[in-house]
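Colleague: quick one: sequence and predicted model below, then my questions.
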Amino acid sequence: MQIGGRDVKVTNREKLFFAEIGVTKGDLVDYYVELAPQVLNHVERRPMLMKRYPNGAAEDFFYQKRIPEPHPDWMKSVKIQFPSGRTADYPVVNDAAALAWIANLGCIDLNTWPTRIESPELPDYLLIDLDPGPDDPWDHVREIALAVHDVMNALKMPSYPKTSGATGLHILAPIRPELGFKAVRSFAKALAQEVERRVPEIATTTWKVADRNGVFVDFGQNARDRSIASAYSIRPTPDARASAPLAWDEVASVDPAAFTISTMRARVAQVGDLSKGMWRRKVRLVSRFAQLGLETPELGPDPIVLRERAWTQGGWRPPSRRGRG
């Protein structure tokens with residue numbers, strides 16, 4: 001394929017990736033290329049953990065951190081160092097050609113870190129993941145999501161819901177990248193506990209699965225080396241379900257089954273990108289700790305220093321244009 005002036009080799013386009021509905025690997029690649037402006041708003045300049053399904057959604061998968069060798073010279077990467085001292089060059093998907101290349105590897109959903117490569121230790125969003133158990137009705141997920149919205153509104157935090165594309169619902173709050181993972185996670189935990197206090201009959205923050213009674217208000221995804229399926233990701237479900245951004249007035253009646261690889265193009269044509277502009281609404285988290293009864297944490301390293309380090313380690317240069325909203 002010729003995409004943005006770059007040649008991308010796509011192999012086995014006719015291989016069935018979703019056998020029950022007849023969707024092929026080529027269909028998956030085409031989906032990501034056609035919705036590239038919306039998808040890139042959520043994945044560009046982020047380390048990506050590859051979750052590869054080489055034989056389709058119903059078959060075995062494996063995780064891969066390091067960008068495969070060889071790879072096109074235009075595919076970007078960023079070097080991430082782990083506490084052990086080891087490093088890995090994660091792929092960074094910055095354009096439509098890169099989306100096609102990564103989908104051709106069998107990456108059905110796009111799993112990215114909650115940080116940008118300029119400051120890989122400083123998250124730029126807080127996540128609340130509503131994770132229902134098998135006996136929890138979807139109505140409870142929707143009711144808890146609205147409680148999360150109320151708490152975030154009280155904290156004056158812009159919030160953006162999306163279906164997870166699997167069984168739950170994600171709520172993202174864009175924040176300035178100035179606190180480390182530990183501080184962001186502690187804030188998310190206190191926020192989740194406040195939500196639990198408001199709807200205790202249906203929500204829980206209990207970490208041990210066997211002790212849970214209700215939908216898990218998961219704050220633990222706000223941790224280093226964790227990733228989520230980004231907005232617009234196709235998930236490895238039999239119906240090729242998508243992780244769809246929502247308007248808050250949709251949440252009370254939303255049916256996640258409505259969003260699939262077959263319906264998302266029409267939805268975007270109708271409503272646009274409901275998360276467009278969210279990255280221009282980042283708020284300072286540090287000033288809100290006291291509102292949840294938490295001690296004010298220290299700020300993380302200077303983002304400018306981390307940005308320069310990321311450019312050096314990952315072969316980057318300062319971008320010549322402003323990032324997407």
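Modeller: Ah, there it is.
Colleague: now find how far off-centre stretch 11-21 is within its chain.
Modeller: Chain-centre distance of stretch 11-21: 25 Å, with Cα atoms, centre = their mean, to the nearest Å.
Colleague: quick check, residue 17 in a strand?
Modeller: Yes: using DSSP: H, G, I helix; E, B strand; the rest coil, the assignment for residue 17 is a strand.
Colleague: next, count neighbours for it.
Modeller: A count of nearby residues for residue 17, using other Cβ atoms under 10 Å, gives 28. Quick note: C-beta positions are derived from backbone N, CA and C, even for glycine.
Colleague: so it makes contact with residue 108?
Modeller: Yes: between residue 17 and residue 108 a contact is recorded at 6.9 Å, counting by Cβ atoms under 8 Å.
Colleague: give me every residue that touches the spatially most central residue of the chain.
Modeller: What sits nearest the mean C-alpha location of the chain, by Cα atoms, centre = their mean, is residue 230, with 3.1 Å. Residue 230 makes contact with 39, 42, 43, 109, 110, 111, 112, 243, according to Cβ atoms under 8 Å, 6 or more residues apart in numbering.
Colleague: how close does residue 256 get to residue 131?
Modeller: 13 Å (Cβ to Cβ, to the nearest Å).
Colleague: so these two - more neighbours on which side?
Modeller: residue 256 (23 against 19).
Colleague: number of residues surrounding the closest residue to that one other than its chain neighbours?
Modeller: Leaving aside its sequence neighbours, residue 256 sits nearest to residue 163 (Cβ to Cβ, 6 or more residues apart in numbering; 4.2 Å). Burial of residue 163 is recorded as 26 neighbouring residues (other Cβ under 10 Å).
Colleague: and residue 163, what does it touch?
Modeller: Counted by Cβ under 8 Å, 6+ apart, residue 163 has contacts 169, 170, 241, 242, 243, 244, 246, 254, 256, 259.
Colleague: for it, list each beta-bridge partner.
Modeller: Beta-bridge pairing for residue 163 (DSSP bridges): residue 169.
Colleague: hang on, the earlier thing: so where does the residue nearest to the residue nearest to the centre of the chain when sequence neighbours are not counted fall, helix or strand?
Modeller: Nearest residue to residue 230 in three dimensions, chain neighbours excluded: residue 42, at 4.2 Å (Cβ to Cβ, 6+ apart). Here residue 42 sits within helix 36-43, counting by DSSP states H and E.
Colleague: let me see the mean pLDDT of that helix.
Modeller: Averaging pLDDT along helix 36-43 gives 98.
Colleague: contacts for that helix, please.
Modeller: Outside helix 36-43, the residues that reach it (Cβ under 8 Å, 6+ apart) are 32, 93-96, 99, 110, 112, 230-233, 268, 273, 275-276, 279, 324-325.
Colleague: on that earlier part again, any figure for the gap between the residue nearest to residue 256 and residue 237?
Modeller: 11 Å.
Colleague: ok, of the contacts of residue 163, which come out buried?
Modeller: Those of the contacts of residue 163 that meet the buried threshold are 169, 170, 241, 242, 243, 244, 246, 254, 256, 259, by 16 or more other Cβ atoms under 10 Å.
Colleague: doesn't residue 234 make contact with the third one?
Modeller: If I follow you right, that is residue 241. Yes: between residue 241 and residue 234 a contact is recorded at 7.3 Å, counting by Cβ under 8 Å.
Colleague: between the two, what contacts are shared?
Modeller: 165, 260.
Colleague: now do residue 238 against residue 19, distance only.
Modeller: 8 Å.
Colleague: and if you look at residue 235?
Modeller: 15 Å.
Colleague: and for residue 78?
Modeller: 35 Å.
Colleague: and the two? which has more neighbours close in?
Modeller: residue 78 (26 against 13).
Colleague: A strand includes the more buried one, no?
Modeller: Yes: judged by three-state DSSP, residue 78 forms part of a strand.
Colleague: wouldn't it be in contact with residue 44 here?
Modeller: No: when contacts are counted by Cβ under 8 Å, residue 78 is not listed as touching residue 44 (12.0 Å).
Colleague: now for those two: what residues contact both?
Modeller: Common neighbours of residue 78 and residue 44 (Cβ under 8 Å, 6+ apart) are residue 92.
Colleague: could you report the pLDDT at the residue nearest to the centre of the chain?
Modeller: For residue 230, pLDDT reads 97.
Colleague: now it: how far from residue 133?
Modeller: Going from residue 230 to residue 133 by Cβ to Cβ gives 24 Å.
Colleague: that'll do, ta.
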